[in-house]
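Colleague: starting from these lines, generate the structure:
(2 chains)
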Amino acid sequence: MVRSSIRFKLTIWYATAMGLVLLVFSAILYVTMTRALYAEMDAKIKTMAEVTASSSNKLVGHFDLIQLESILEEKLGFRTPGKFIQILDNTGSVGQTSANLQSHPLPITFSALKKASNKEISFETLYDKGSRYPVRMVTYPVVENNEVVSIIQIGTSLQAIQETLDKLLLILLLGVPASLTMASFGGWFMAKKSLNPVKDITTAARMITARNLDQRIAVANPDDEVGMLAETFNEMIARLNNSFRRINQFSSDVSHELKTPLTIIRGEMEVALRSHRTAEEYQEVIASGLEEVERMSIMVEELLLLSKADDGASMLNLSIIPLHSLLDTIYNNVLALARGKRIDITLQNNEEVYVNGDEMRLRQLFLNLVDNAIKYTPPMGKVAIVVTQNKEYAHVSVTDTGIGIAKEDQEKIFERFYRVDKSRSREIGGTGLGLAICKKIIAVHHGHITVESEIGKGSTFSVDLPLKH
Amino acid sequence: MRILVVEDEKKVASFLKMGLEEESYAVDVSYDGEEGRILAETNPYDLIILDIMLPKKSGLSVLRELREKRINTPILLLTARGTVEDKVTGLNAGADDYLAKPFMFSELLARVRSLLRRGGEKSPVLKFADLTMDPVARKVTRSGVDIMLTSKEYSLLDYFLRRPNQVLTRTMISEHVWESDFDAVTNVIDVYVKHLRNKIDKEFEKKLIHTVWGVGYILKE
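Modeller: Got it, this is the predicted structure:
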């Protein structure tokens, strides 16, 4: 048993709450019971006083308590054991008393007398050192012609009530701790039972590491809280699994992509060193190695960019960008390249379009798209850049009459290192990251990119960017 | 010894060809799996160096297809993926050896020599009578006397030494010592054999290379 365990805490809380409830319940029960018993007793002695009063009227002068008792018995229909009767005159002097009071009259309190002289009935509980049980007494004024003629005091031992209350107290004193103990054990087992699935989840979760993320926790009841917890766990594991797989795929891609240039550099240099070469041959090897080093630097640079972009918009340096003039600059930059391949490139930007964005990234994005269009379009082809806008978005499309992209490749071209044609792409100088970067740039600008293409006919890349507000 | 290199990365294929040729191997290059398979099926190569990631047809499919057609040429797989699973898959598919990129060229050469040795002579040094050839040191001696050979002469002698006491036709020699673009009709083979004989037989009483008239040549005592 661990003191900090939920099971222990639950049991403690449960026992405390249960104990408090039982205490309050016992207190209320005891107090109510006491009051009810006293009220019953008071009613009883008051009735006795009334009967005595009416009898005393008849018996004025020769008051006979023996007779009175028989009257009481007759009127009330029962015997009143342990009762004391005492009749006072209107000044409070003791007149007649019942036999059991001969040596020991009922005490007369000032407040009771005062109330009686005011024609009020009062009740008192008398504690006497001599007897074990207190006495409940009523002081009852007998009124005639609106004057107090005598005062009747009737007392009754509280023995019966007290014994009842003592019994009740005993039951409560024994019963409350007993039921509390039982409830605590019950709570301990209940907590165990309801926490068992949590324990199962803990065990299962402990077994799951980066190596076996395919495993799932068994869900007994998917609708209860623990079931929901288990399902949430499972969803989290699935997400972890997914990102682990992506990371693994990505790092294996990266290592593969870096291995090719490394193989080339190492192999060419090693072969070159195996015998004496001419200066030209050495230059060739060095130039080729340099080319590969450059390729690797670009790739590392681009990977860094992508991983920065994964952090979100933090990479952005936002300002209001005139998209029409940005594309105009790009158009002028690539004009020579396009002419070199005898590709007819056009730009259509009739209106001013402003977006909120990072100028460098957007330049990179469109340069990438236009550059791709030129690369994959054979000589004598056409590349068209069109800028338009609607209420919400700036729309840029780059259309070419190039080789096109097969349907099954269209979704994958935005993935890192995905190449439709590996060898062609390497010859052209691609790292396989260009479109992944484009997609990332658009994503951090809250835009979207789509591609439409047909093999042999050409491709259209469409970019939507939110207009500045 | 004639080697086929199937590798789509042109620069890798190019340095492999250059380095292997400098070791006196005849090297053909193919840049895709489909062409590589056809070359391997139609030419009697002594060794195939096969990349796994290839356009048109993966190296593993090429490997399986060749083995299904009972083409038992030793195959050395090259790949950028070097996990144990990859190696197991490759070797189970019928490859003889496996080399992960980026590899050391000297290691590749050592494996090439080892693969060419398999099936026959296990000693790294080839011997016939008093003639010895050490492929690692590229040293040829006869009765302890060093003999300097050109690259082609060396390849030719290498081929003779690996098939002693067998008649080797001019076609066989051209197929194993020269690349596929070599025109076997010419008398280049006879010229090279004559050069080789001048170097290894002329000074010695016992001749080792003999002409089999109308057929070719034989290495015998």
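Colleague: chain A contacts on chain B?
Modeller: Residues of chain B lying close to chain A (C-beta under 8 Å from any C-beta of the partner chain) are B:8-12, B:15-16, B:18-19, B:22, B:31, B:53, B:55, B:80-81, B:101-106. Using the backbone N, CA and C atoms, a C-beta is placed for each residue, glycine as well.
Colleague: just the buried residues of those.
Modeller: For the residues of chain B next to chain A, a burial check counting by 16 or more other C-beta atoms under 10 Å in any protein chain shown picks out B:8-9, B:11-12, B:15-16, B:18-19, B:31, B:53, B:80-81, B:101-103, B:105.
Colleague: let's see which of those end up in helices.
Modeller: Using DSSP state H, the members of these that fall within helices are B:Lys11, B:Val12, B:Phe15, B:Leu16, B:Met18, B:Gly19, B:Phe105.
Colleague: the first one: what's its closest spatial neighbour, skipping adjacent residues?
Modeller: Closest residue to B:Lys11 in three dimensions, ignoring its sequence neighbours and counting by C-beta to C-beta, 6 or more residues apart in numbering or on different chains: A:Ile264, at 4.5 Å.
Colleague: give me the element the one you found is part of.
Modeller: helix A:225-273 (DSSP states H and E).
Colleague: give me the number of residues near the residue nearest to B:Lys11?
Modeller: 23 (other C-beta atoms under 10 Å in any protein chain shown).
Colleague: from A:Ser288, how far out is it?
Modeller: 7 Å (C-beta to C-beta, to the nearest Å).
Colleague: verify the stated contact: A:Ser122 with A:Ile151.
Modeller: No. Counting by C-beta atoms under 8 Å, A:Ser122 stays clear of A:Ile151, with 10.4 Å between them.
Colleague: touching, B:Tyr31 and B:Lys11? I think so.
Modeller: No. B:Tyr31 is beyond contact range of B:Lys11, at 11.4 Å (criterion: C-beta under 8 Å).
Colleague: more crowded one of A:Ser122 and A:Ile151?
Modeller: Using other C-beta under 10 Å, the more surrounded residue of A:Ser122 and A:Ile151 is A:Ile151, with 27 against 18.
Colleague: what does the helix or strand containing the more buried one rub up against?
Modeller: Counting by DSSP H and E, the element that carries A:Ile151 is strand A:147-157. Strand A:147-157 is touched from outside by A:41, A:44-45, A:48-49, A:52-53, A:56, A:80, A:82-90, A:92, A:95, A:106, A:108, A:112-113, A:116-117, A:119, A:126, A:131, A:133-143, with contacts defined as C-beta atoms under 8 Å, 6 or more residues apart in numbering or on different chains.
Colleague: domain-wise, how is chain A divided?
Modeller: With domains defined by automatic domain parsing, chain A comprises A:6-164, A:225-309, A:314-466.
Colleague: neighbours of residue 36, how many?
Modeller: Let's take chain A. A:Ala36 has 11 nearby residues by other C-beta under 10 Å.
Colleague: not quite, I wanted chain B
Modeller: 28.
Colleague: got the confidence number for it?
Modeller: pLDDT recorded at B:Gly36 is 92.
Colleague: let me see the mean pLDDT of stretch A:219-233.
Modeller: 82.
Colleague: how far does that stretch stretch from one end to the other?
Modeller: For stretch A:219-233, the first and last residues are 10 Å from each other (C-alpha to C-alpha, to the nearest Å).
Colleague: re earlier: need the residues touching each of A:Ile264 and A:Ser288.
Modeller: Going by C-beta under 8 Å, 6+ apart, residues that sit against A:Ile264 and also against A:Ser288 are B:Lys11.
Colleague: low-scoring stretches of chain A, by residue?
Modeller: Scanning chain A for pLDDT under 70 picks out A:1-3, A:56-82, A:98-104, A:130, A:310-315, A:421-429, A:469.
Colleague: could you break chain B into its assigned domains?
Modeller: According to automatic domain parsing, the ranges for chain B are B:2-117, B:126-219.
Colleague: count of neighbours near A:His256?
Modeller: 16.
Colleague: isn't it right up against B:Ala80?
Modeller: Yes. The pair A:His256 / B:Ala80 is scored as a contact, 4.5 Å apart, by C-beta under 8 Å.
Colleague: what are the ranges of the strands in the stretch 301-450 of chain A?
Modeller: A:318-322, A:344-348, A:354-358, A:382-389, A:393-400, A:448-454 (DSSP state E, counting those that start in this stretch).
Colleague: of all these, which one is nearest A:Leu10?
Modeller: strand A:448-454 (51.0 Å; C-beta to C-beta).
Colleague: how about stretch A:396-409: buried residues?
Modeller: For stretch A:396-409, by 16+ other C-beta under 10 Å, it's A:Val396, A:Ser397, A:Val398, A:Thr399, A:Asp400, A:Thr401, A:Gly402, A:Ile403, A:Gly404, A:Ile405, A:Asp409.
Colleague: pLDDT check: weakest of the buried ones among the residues of chain B next to chain A?
Modeller: B:Arg81 (75).
Colleague: hang on, the earlier thing: list the buried residues for the strand holding A:Ile151?
Modeller: So, applying 16+ other C-beta under 10 Å, buried residues of strand A:147-157: A:Val148, A:Ser150, A:Ile151, A:Ile152, A:Gln153, A:Ile154, A:Gly155, A:Thr156, A:Ser157.
Colleague: strand partners of it, parallel vs antiparallel please.
Modeller: strand A:83-89 (antiparallel), strand A:135-144 (antiparallel) (DSSP bridges).
Colleague: CA atoms only for whichever helix or strand comes after the shortest one, dumped as CSV, please.
Modeller: So the one you mean is strand A:83-89. Once the chain leaves strand A:83-89, the next helix or strand it forms, by DSSP H and E, is strand A:94-97. Extracted C-alpha coordinates of strand A:94-97, given in CSV (Å, rounded to 0.1, in the frame of the first residue of the first chain):
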residue,chain,number,x,y,z
VAL,A,94,-46.7,23.3,49.8
GLY,A,95,-50.1,21.9,50.4
GLN,A,96,-50.7,18.2,49.8
THR,A,97,-48.1,15.9,48.3
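Colleague: direction included, what does strand A:94-97 pair against?
Modeller: strand A:83-89 (antiparallel).
Colleague: now do the partner strand: distance to the chain's middle.
Modeller: Averaging C-alpha positions (C-alpha atoms, centre = their mean, to the nearest Å) puts strand A:83-89 73 Å from its chain's average.
Colleague: buried ones in it, by neighbour count?
Modeller: Applying 16+ other C-beta under 10 Å to strand A:83-89 flags A:Lys83, A:Phe84, A:Ile85, A:Gln86, A:Ile87, A:Leu88 as buried.
Colleague: pick out whichever of those residues sits closest to A:Gly447.
Modeller: Nearest member of those to A:Gly447, counting by C-beta to C-beta, is A:Lys83, at 100.7 Å.
Colleague: the closest one against A:Thr47, yeah?
Modeller: No. In this structure A:Lys83 lies outside contact range of A:Thr47 using C-beta under 8 Å: 11.7 Å.
Colleague: since that was my last question, I'll sign off now.
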